[in-house]
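> sequence and predicted structure, then a few things I'm wondering about:
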Amino acid sequence: LEADILGGEVYTITFHETLTNAQQGTNALSTTAYTNINPFVQILYVRAENPVTGCFSVMPITLEVNPSPVAPIDLDDITVCDTNANNQNGQMTVDLTIRTAAVLSQQPLPASSYTVEYY
């Protein structure tokens, strides 16, 4: 976020868990290894300070942590009969998307949060 916040200007950027800490310039967080304390959504405060004048600005930023998709573990096999023009070659077109609803039902977030692709 620092490049976007700075926009080419020279400021000292610090991140804080509370607005008070950001306003006072105390208890800055590590910028390389932060673990959110509120599950899924964490509001932090960024302080941009001019190192020459000491003037500063504080703004909130939101971190969103989404759970990883779950690999489906309980999917029924897809079975089709060989009914195409050559019904003895053991080849058929199969619509894999008939299992999409089952894949999505096993996910931790609403189905609209995911895109399912088959390979």
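Now that the structure is in, tell me what you want to look at.
> show me where pLDDT drops low in the protein?
Where the chain drops to pLDDT under 70, the residues are 1-9.
> that one: helices as residue ranges?
For the chain, the helices defined by DSSP state H cover 2-6, 19-24, 100-105.
> grab the nearest non-local neighbour of the most centrally placed residue in the chain.
When C-alpha atoms, centre = their mean is applied to the chain, the residue found nearest the centroid is N66 (4.7 Å). In space, and not counting its chain neighbours, N66 is closest to L109: 6.6 Å by C-beta to C-beta, 6 or more residues apart in numbering. The way it works is simple: take the backbone N, C-alpha and C, and place the C-beta from them, glycine included.
> burial count for that neighbour?
13 (other C-beta atoms under 10 Å).
> again, but for A102
A102 has 12 nearby residues by other C-beta under 10 Å.
> spatially nearest residue to it (excluding sequence neighbours)?
Leaving out its chain neighbours, the residue that sits closest to A102 by C-beta to C-beta, 6+ apart is L75, at 5.5 Å.
> from memory that neighbour sits against V103, does it?
Yes. Between L75 and V103 there is a contact at 7.0 Å, judged by C-beta atoms under 8 Å.
> of these two, which one has the most company?
Neighbours per residue (other C-beta under 10 Å) separate L75 from V103, with V103 holding more: 19 against 10.
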